[in-house]
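1. How does the following fold in three dimensions:
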Amino acid sequence: MAVDKNMNVLIVDDYKTMLRIVGNLLKQLGFSNIDEATDGSMALGKMQEKAYGLVISDWNMEPMTGLQLLKEVRADDKLKATPFIMITAESKTENVIAAKQAGVNNYIVKPFNAETLKKKMVAVLGDF
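-> Numbering: from 1, shown residues only. Predicted coordinates:
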C-alpha cells in the first residue's frame, strides 16, 4: 500500500529549531500537510480535533513528555492506531524499552538525516 503524502503529519517538540528541521526533512520527502505542537498536551488537543497519519514526537518536553503523550494516544480508542515515532537524544536501553512497552512504532536517536527519517517512516508506514 502506498503512503499518502497528503496525510496530516504532526511534529511535537519543545525546541523550535527541531520543529523546523523535522518539518524541512518531511518536506524533502514530499509531505506537505505538517502541523506542529510544542508539548504533549498541545499535541493531544490537536489530535482530538484532526486525524493524523503520523506523529513524530520528541521525548523530553515539559509539562507533558513524548512518552506521556504516547501513553495518552494509545489509551484513546479514537487515536490508538495512529503511527507514532519517538525522537530522542538519549539512546538508553530503558528508554527504548519504555517506549516499546507504551506502543511506539519506531524510535530515532538524534542527530539524524532525511535518509534515517525516511527509513524509520517506511518501516512504520510502508514504502513511499
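
2. tell me, what residue is most central in the protein?
-> Ile56 (1.2 Å; Cα atoms, centre = their mean).

3. and that one, backbone torsions?
-> phi -120, psi 110 (degrees, to the nearest 10).

4. for Asn33, same thing?
-> Torsion angles, degrees, to the nearest 10, at Asn33: phi -90, psi 80.

5. Surely it is in contact with Asp4?
-> No: the pair Asn33 / Asp4 is not scored as a contact, 9.7 Å apart, by Cβ atoms under 8 Å. No exception for glycine: its C-beta is placed from N, CA and C like everyone else's.

6. So between these two, which is more surrounded?
-> Under the criterion of other Cβ atoms under 10 Å, the comparison of Asn33 against Asp4 puts Asn33 first, with 15 against 12.

7. wait, what's in contact with that one?
-> 6-9 (Cβ atoms under 8 Å, 6 or more residues apart in numbering).

8. Recalculate using a threshold of 10 Å.
-> Contact partners of Asn33, counting by Cβ atoms under 10 Å, 6 or more residues apart in numbering, are 4-10, 26, 50, 52-53.

9. Restricted to buried residues, select the residues you listed in PyMOL.
-> The following PyMOL line selects those of those that are buried, judged by 16 or more other Cβ atoms under 10 Å:
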select buried, resi 8+9+10+26+52+53
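
10. Closest one of the contacts of Asn33 to Pro83?
-> For those, the residue nearest Pro83 by Cβ to Cβ is Gly53; the value is 6.9 Å.
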